[in-house]
Every structure is written in structure tokens, then in C-alpha cells.
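Trainee: What follows is a predicted protein model with its sequence.
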Amino acid sequence: MSLEQLKQFSTCEIADALLKLGQRPWGGYIPDIEMWSPTYCEGDTRIVGPAFTVKMVHKEDKTSPTPTEHFADAAESGSIIVISAPSDVKNAVWGGLMSARAKAKGARGVVIDGRVRDLNEHRQMLFPVFAKSHSTLPQNAFVRPSEIQVPITLSAATVNPGDIIVADLDGVICIPKDMVEQVIINCEKYVAIDDQCMKALQAGHSVKETFAKYRGQ
Amino acid sequence: MSLEQLKQFSTCEIADALLKLGQRPWGGYIPDIEMWSPTYCEGDTRIVGPAFTVKMVHKEDKTSPTPTEHFADAAESGSIIVISAPSDVKNAVWGGLMSARAKAKGARGVVIDGRVRDLNEHRQMLFPVFAKSHSTLPQNAFVRPSEIQVPITLSAATVNPGDIIVADLDGVICIPKDMVEQVIINCEKYVAIDDQCMKALQAGHSVKETFAKYRGQ
Amino acid sequence: MSLEQLKQFSTCEIADALLKLGQRPWGGYIPDIEMWSPTYCEGDTRIVGPAFTVKMVHKEDKTSPTPTEHFADAAESGSIIVISAPSDVKNAVWGGLMSARAKAKGARGVVIDGRVRDLNEHRQMLFPVFAKSHSTLPQNAFVRPSEIQVPITLSAATVNPGDIIVADLDGVICIPKDMVEQVIINCEKYVAIDDQCMKALQAGHSVKETFAKYRGQ
């Protein structure tokens, strides 16, 4: 498995592959998350790496477990930190200090099913942040980390520790770790076909003849 | 009717005219659609052209009609493709290959009551795309084209084939084709008045005296 | 009280201070409002000033009061205009002419619990606008100003006339006017601590030891 090979494919191309390989409901897609850093909704940034998962719960929740280590200290080099958070809060669960620590640990970026703050700090550090929205409010007054490196759910998508996350301008994808080889093989085949389709369409050929010729549809 | 004349007016100015002319509920405004290409929520791009309508339905819907031709092959030169899609899906209904074909056909842009993917491809082609959101997921696994050039509904707005679409940074407007002449006449009158108001306000005059003097309020 | 002192602190730092000082539920945070001008969701713009409040009601509401003066004429120099509007409308409650008047009056910006239009006009004037979304539709066909300089509610946050508004990329904060001195004192203390934390984390120290050393946690 080579993450460098995977990185040449867009999240759209990988979603196509995962759907062809039967991944449901949404081909590993984690919806409604935008790129907020290094730039907002534009640019060529793409991050690829194994998920380092963090589950947040309401601060008032006294029954859920408490981690022994700070999640940012525990983050592994080369990983992408993926955070699930309660959906009914208005606070951020990630800020500038966390990006500083994550970057020092060698993490490649963070994906948040929630809000981020200190937007200019992440951008100055060029640390990739994907999130649903922004906020001015800190994490620690509203939610708390509960578990690290456990399966978490973001919208309808489950992310297991070590699953491969790919995130770019179009969105965030989670590839089950045992499907990565198949995804690469599938992408290599179909991306070449789509490149031929793009050239044919730009040359003025119809969708009908182009897809018949290259996709066999 | 001259679309070049219409193009000098912003969607806000045209919405004002349509409201004065009695268009309800929202003066032809199709809400909650953003400019995603050639740039996101900034720039001077404005597209004007007759609507070429496409209605998408859930893929599982076996009773709705099926078109005989691919909708992008059918798109007419100078038109703006307008797509309605089920609101409960997370997939895109437009991608880079479709922009390539639409551009080759001479379409001026696309307005989507749904999601778009391959964002950087549209931007590289400088093809205007207005949509509600983005996704990594393809159309064909989730929804399918059902009818082409039929009346479609986007939020509370009905778009008929051949209605004139105007889209810019502020939003998307649909002008019933038989109202275009009146809209142009109305815009010419009121935009001149608003220009006078702007100059007066920038010169420090009050809203009260300015609107009394130029708008007769 | 010095607004210049306050302006050196980000909305995140001020929210931290307000939470420490007991402001609930959200430390003065007014959620889900974005910077739309002078740039969209990027840049260093920050505005600070006393709130000049405007309450809009549905146009059909004949029982609520009617102001004697146009709200933009009434706006005070140095203030930030804060507008509450019904949440079920699709129209803008602020446009280019209003920014022209507000700027001429010396207002520092506008915060809207609703929509804005004429986006490029505000940007050309470099007039700061914070809003929930955009529209093409004018205010006067759908809602009307009812009261000026009364307490208004935006999401769960109450804004009183003269409360201090701070708005930047991360969001919008309302500081009760009698808490400004405490906020400044609190920010000066904790921002210095956070600067030390940032340096320590960037130098590779753990969150655990850093927060223990500088925050006493």
C-alpha cells in the first residue's frame, strides 16, 4: 500500500472507486465538511493519511470514559486527526494551539465533524483543517475528549482508527484500510478512462458516443 | 429582447424590477444557491441566457420518464442549464466532464438546485457553476435524469424552458420570458434613480431626503 | 474603557474571557454569522464599537411600532449597526445604499442576523459586513424597521444598545458594556499565557506539560 500512489487521485475519483467496490451508503464520503485552511474552499491542497480518531462528548457527560492522555499529544506522525463531536453545540473543538501541537507531532491535518476557531492561525501555519463551520468558542467549556482511537461516526460514515482519510477541495473520504489496494487499482483504470472522456468531450464529441466508446455504456 | 441589455443589470436590480412588476413570492429569486466557479463567492461573473431545464429523480424511481438523449448533449448554445434534483441526496449532479461538454455545446453556465463536484476542473475551464453545495459523489449512483425541457421547481421558484436566467455573486434570478422587455424598461428607469441615490448618500445626504428627492417616497 | 485596547484581542480571546467571567450560554457569541465584506471568510478585518440596534419585523405586522427616522440616518458615528430580522424570510435587510449612508455617518460596520445583497458594492467601499447569508431581494418588499436602539435577540444572544460588538473572521461577539474593563484585564492576562503556550507547543513540548506549566491545569 502506497499513500503516495493514492494521493494522485481526487476524492471524487476515490469515491467513484469505493462505490464501484460496493461501499455504502455513500462510498466513504463524509458530507458537509469544507476546507477552511490553508485556504477556504479553493486551492490544490490534498491530505492523505491514516485516521487518528477522537470522540468528544458533552462536558456534562460523566459516564463516558476519559482518556489518559491529551489527544493532541497522542496523535501519530503522518496521521490525520478525525474528530467527532455532539451536533448540538456552537463551540469549536479545534483551535490554533492544537494545530501547533499536531504539526509538531507530524500530523498531516485535521477533519472535524464540527467547528474550528482561530482561522488565521491555521492558515499562517499552513496546517490543513477541514470542518463543518467556525466559531469563537473554546472546546473545554462545552465538550470534552472521551475516547481516542475508537471507531467514530460522522454523519452516516464510520471511521475506524487506521482507515485512510483523503481530503481535498471537493470533500472528505474514508477508505477502509483493507480496501486501499483495490481502490488504487480501480482508480488507475477508471481515471485513465475519464481522462480520455475529458479529451473527447473537449474536442466536441457527444457524451453518448464518448461514454459508449470509453466506458462501454 | 436583448440579453446584452439585460446583462448590464445585477440580479438585485432585476429582482427589484420583478417585484415591482408583481412577480411573487420572491421576484423570481431562487434562494440559497452560491457561485462556485469560476470563483467562490467573489468576482464579477454574471451569466444571462435562456433556461435549458433538466429534472433529476431518484435512481430507484422506475415510473418517471427517461430521456432519449443525454441532457448535456441536448443543451442548446447560449443557454444556461438549470437542474432540479431531489433534496435528500448527498451526491453531486454535475461534474467536470459535464462542464466540458456543456462548454463545447456553447452553454453559458449551469445552475444546480443541488451539489457539484470536481470544483477545480470547472474553475480551470472558467465555466460558471452555481450550486447549493459540493460533494465527492457522482450523480449516476444515486439519481438519474428524467425529463428535459419541462417546467421544474427550485425551492418556491418555477423555471420554464426558455425563461431567462440571470446569475451573479448575489444570487440566481428567473425571469418569465414574456416579462423580459418590461424588466429591461423598469431596470433602466430605477437603476438610474439608484445611481443618483448612491451619489447623494456618498456625498453625505440623509436617506430620508435622498429617497424623497429621487424615489418620491 | 478603551476600544483600541480591546481591538488587539481576537473574538476567540474575548469569548474565552467572557466565559471565564460567567457570561452564558455562549460567552456573548452570536453564532452562524460570516464575514462577507471586505472579503469573504478571509483576511484580518476586525471591527469594534458600540452596538446601534435595529429590529426588523414582517412588513405585514401592523401592530409593532414604527420608527420616526430611517435607521441608517440615525446610526451613530463609531457604532456598529446590529440588525435582527425574522428568520423565515429570504430577502436581504442590508444593501449597497445602506453601506454608503452608514459609512458617511461614520459607522464601523454592520452585523446582520439575516441576509445581505449588493455584495460587490460593500467590498468596493471596503465597508465591513457580517451576515448569515446573501440574497438578491430587497428589504422593503418583505420586512420593515420597527424599533431602533432597543434590546434585540440574535440566536440566543441579547444585544443591548451600547453593548460592545467585536467581529472578525472567527465570528461576532457582544460584550455587555459593564464588562468591558474586566474583559480587557482578563484578555491581557490569558493572551500572554496563550502566547507562551503557542511558543512551547511549536517548540515540540506536549500539551500536558505546556498547560501544566503555563495554565496550571
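Mentor: That came through, no problem.
Trainee: so residue A:211 sits in a helix?
Mentor: Yes - counting by DSSP: H, G, I helix; E, B strand; the rest coil, residue A:211 is part of a helix.
Trainee: What ranges does chain A have for its helices?
Mentor: Here chain A has its helices, by DSSP state H, at A:3-7, A:11-20, A:71-74, A:96-104, A:119-125, A:180-202, A:207-214.
Trainee: I'd like the ones you listed as JSON lines, with mean pLDDT appended.
Mentor: Shown next, in JSON lines, are those (pLDDT from 0 to 100):
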{"stretch": "helix A:3-7", "mean pLDDT": "94"}
{"stretch": "helix A:11-20", "mean pLDDT": "97"}
{"stretch": "helix A:71-74", "mean pLDDT": "97"}
{"stretch": "helix A:96-104", "mean pLDDT": "98"}
{"stretch": "helix A:119-125", "mean pLDDT": "98"}
{"stretch": "helix A:180-202", "mean pLDDT": "97"}
{"stretch": "helix A:207-214", "mean pLDDT": "97"}
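Trainee: State the distance from residue A:6 to residue C:142.
Mentor: Distance of residue A:6 to residue C:142, computed by CB to CB, to the nearest Å: 50 Å. Yep, even glycine has a C-beta here, placed from its N, CA and C like the rest.
Trainee: neighbour count winner among those two?
Mentor: Using other CB atoms under 10 Å in any protein chain shown as the criterion, residue A:6 and residue C:142 rank with residue C:142 on top: 23 against 20.
Trainee: Grab the nearest non-local neighbour of the most centrally placed residue in chain A.
Mentor: Central residue of chain A (CA atoms, centre = their mean): residue A:172, 3.7 Å from the mean position. In this structure, residue A:172 finds its nearest non-sequential neighbour in residue A:30, 4.5 Å apart by CB to CB, 6 or more residues apart in numbering or on different chains.
Trainee: remind me, longest strand of chain A?
Mentor: Ranked by residue count under DSSP state E, the longest strand found in chain A is strand A:47-58.
Trainee: Within the sheet, what are the partner strands of that strand, with directions?
Mentor: Within its sheet, strand A:47-58 is paired with strand A:80-84 (parallel), strand A:143-148 (antiparallel), strand A:164-168 (antiparallel), according to DSSP bridges.
Trainee: anything in stretch A:114-131 near chain B?
Mentor: No - against chain B, stretch A:114-131 shows no contacts by CB under 8 Å from any CB of the partner chain, the least distance being 12.1 Å.
Trainee: what about that stretch, how long is it end to end?
Mentor: Using CA to CA, to the nearest Å, one end of stretch A:114-131 lies 6 Å from the other.
Trainee: In that stretch, which residues are buried?
Mentor: A:114-123, A:125, A:127-131 (16 or more other CB atoms under 10 Å in any protein chain shown).
Trainee: So that stretch, near chain C or not?
Mentor: Yes - applying CB under 8 Å from any CB, one finds stretch A:114-131 touching chain C at A:117-120, A:123.
Trainee: The closest residue in space to residue A:143 that isn't next to it in sequence bridge partners, please.
Mentor: If the residues on either side of it in the chain are set aside, residue A:143 comes closest to residue A:56, at 4.5 Å by CB to CB, 6+ apart. Assessed by DSSP bridges, residue A:56 has beta-bridge partners residue A:145.
Trainee: Relative to chain B, how far out is residue A:216?
Mentor: To chain B, residue A:216 is 14 Å away according to CB to the nearest CB, to the nearest Å.
Trainee: likewise residue A:189?
Mentor: Residue A:189 sits 16 Å away from chain B, going by CB to the nearest CB.
Trainee: since we're on that residue, how many residues are nearby?
Mentor: Around residue A:189 there are 12 residues (other CB under 10 Å).
Trainee: thinking again about what came up before, would you mind giving the strands paired with strand A:47-58 as TSV with mean neighbour count added?
Mentor: Shown next, in TSV, are these (neighbours: other CB atoms under 10 Å in any protein chain shown):
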stretch	mean neighbour count
strand A:80-84	27
strand A:143-148	20
strand A:164-168	26
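Trainee: about what we covered before: measure the residue nearest to residue A:143 to chain C for me?
Mentor: Where chain C is concerned, residue A:56 sits at a distance of 15 Å (CB to the nearest CB).
Trainee: re the thing from before, will you turn the residues of stretch A:114-131 next to chain C into CSV that also has distance to residue A:13?
Mentor: Listed next are those as CSV, based on distance: CB to CB, whole Å:
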residue, distance to residue A:13
A:117, 32
A:118, 32
A:119, 29
A:120, 32
A:123, 27
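Trainee: Now for the residues you listed: which two are most distant?
Mentor: A:117 and A:123 (12.5 Å; CB to CB).
Trainee: ok, which residues in chain A are in contact with chain C?
Mentor: Chain A comes close to chain C at residues A:39-41, A:69-70, A:72-73, A:90-92, A:95-98, A:100-101, A:103-104, A:117-120, A:123, A:133-138, A:141, as judged by CB under 8 Å from any CB.
Trainee: The same query, at a cut-off of 6 Å, please.
Mentor: Contact residues (CB under 6 Å from any CB of the partner chain) of chain A with chain C: A:40, A:70, A:72-73, A:90, A:97, A:100-101, A:104, A:117-119, A:134, A:136-138, A:141.
Trainee: which of those count as buried?
Mentor: The neighbour-count test (16+ other CB under 10 Å) marks A:40, A:70, A:72-73, A:90, A:97, A:100-101, A:104, A:117-119, A:134, A:136-138, A:141 as buried among the residues of chain A next to chain C.
Trainee: thinking again about what came up before, quick one, which of the helices of chain A gets closest to residue B:12.
Mentor: So among these, helix A:119-125 is nearest, using CB to CB, at 28.7 Å.
Trainee: Next, the contact list for the residue nearest to the centre of chain A, please.
Mentor: With contact set as CB atoms under 6 Å, 6 or more residues apart in numbering or on different chains, residue A:172 has these partners: A:30, A:33, A:111, A:130.
Trainee: Please read off the pLDDT at it from the model.
Mentor: Listed pLDDT for residue A:172 reads 98.
Trainee: for residue A:156, same thing?
Mentor: pLDDT, read off for residue A:156, is 83.
Trainee: Relative to residue A:15, how far out is the nearest residue in space to residue A:201 that is not next to it in sequence?
Mentor: Closest residue in space to residue A:201, ignoring its immediate chain neighbours: residue B:100 at 4.1 Å, by CB to CB, 6+ apart. Going from residue B:100 to residue A:15 by CB to CB gives 19 Å.
Trainee: circling back: filter the contacts of residue A:172 down to just the buried residues.
Mentor: Neighbour-count burial (16+ other CB under 10 Å) is assigned, among these, to A:30, A:33, A:111, A:130.
Trainee: As JSON lines, the residues you listed with pLDDT and distance to residue B:23 would be great.
Mentor: What follows is these, written out as JSON lines (pLDDT from 0 to 100; distance: CB to CB, whole Å):
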{"residue": "A:30", "pLDDT": "97", "distance to residue B:23": "40"}
{"residue": "A:33", "pLDDT": "98", "distance to residue B:23": "37"}
{"residue": "A:111", "pLDDT": "98", "distance to residue B:23": "43"}
{"residue": "A:130", "pLDDT": "98", "distance to residue B:23": "40"}
